[in-house]
Each structure stands twice: as C-alpha cells, then as structure tokens.
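Novice: next one to model:
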Amino acid sequence: MAAATLLAVDFEVFGLVQGVFFRKYTQDQAIRLGVHGWCMNTYHRTVKGQLEGPREMVKLMKDWLKKTGSPSSRIDKVEFKNEREIQDYTFKNFSIKH
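Specialist: Got it, this is the predicted structure:
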C-alpha cells in the first residue's frame, strides 16, 4: 500500500489574530493532527506559515484555521497559496517562529 499523499500549503490568517494566543493554539492543533510546519506573526498584524501533512490532516487544519482559531481570535479571512504535493516532510514538527 502506498503512503498517504503529503501536501504542503502556505497560509496567512487575517483578523484579530495577534495578542490572542493564535500561534500557540495553531501549534497545539497541528500537533494533535500530526501536521508539520510553522507559523509566525507578521508586521501586517496577520499570522502566516506553512503546513505539511497527509491530505486529510491538512484539510482539517485548513478548516480549523478558517473557522476556529484561538478562543479570543476573530478570523476575517484566510488565504492559502502554493498548495502542492511533496515527497517528504521539510519540517520535523510544527514550530512557532519569532
């Protein structure tokens, strides 16, 4: 049986996503789903990052970023770009960049 297809995608979340533990909750959710990658705050008051993982887990993570976020956050929109299949993980886990 072939291994599950791995997807990678870049994301950026717009809204009230800084100062509300958005990155920490994102990291916790990614770890729960087994998704690798990273996220960071931007100077534009957004959170951006990359996701890598099995197609279904990346889909669940994308849905979480669009609809859930951290309890105090307000998500106005999420942009996903450069979605592609990858052969192997680029990242060992999911980290928060500073």
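Novice: against Gly53, how distant is Asp10?
Specialist: Going from Asp10 to Gly53 by Cβ to Cβ, to the nearest Å gives 14 Å. C-beta coordinates here come from the backbone N, C-alpha and C atoms, glycine included.
Novice: higher neighbour count, those two?
Specialist: Just comparing Asp10 and Gly53: by other Cβ atoms under 10 Å the higher neighbour count belongs to Gly53, 25 against 15.
Novice: and the nearest residue to Thr5 once chain neighbours are set aside, how many neighbours?
Specialist: The shortest distance from Thr5 to any non-neighbouring residue, by Cβ to Cβ, 6 or more residues apart in numbering, is to Arg55 (5.2 Å). Neighbours of Arg55 under the rule other Cβ under 10 Å: 13.
Novice: with Phe22 instead?
Specialist: So Phe22, with other Cβ under 10 Å, has 24 neighbours.
Novice: ok, Ser95 next?
Specialist: Residues near Ser95, counting by other Cβ under 10 Å: 16.
Novice: what helix or strand does it sit in?
Specialist: Using DSSP states H and E, Ser95 sits within strand 94-96.
Novice: now that strand: average pLDDT?
Specialist: Here strand 94-96 scores 98 as its mean pLDDT.
Novice: residues touching the residue nearest to Thr5, list them.
Specialist: 4-7 (Cβ atoms under 8 Å, 6 or more residues apart in numbering).
Novice: what about it, distance to Ser73?
Specialist: 26 Å.
Novice: swap in Lys66?
Specialist: For Lys66, the distance to Ser73 - Cβ to Cβ - is 12 Å.
Novice: which residues does Leu65 contact?
Specialist: So Leu65 contacts 11, 13, 26, 75, 78 (Cβ under 8 Å, 6+ apart).
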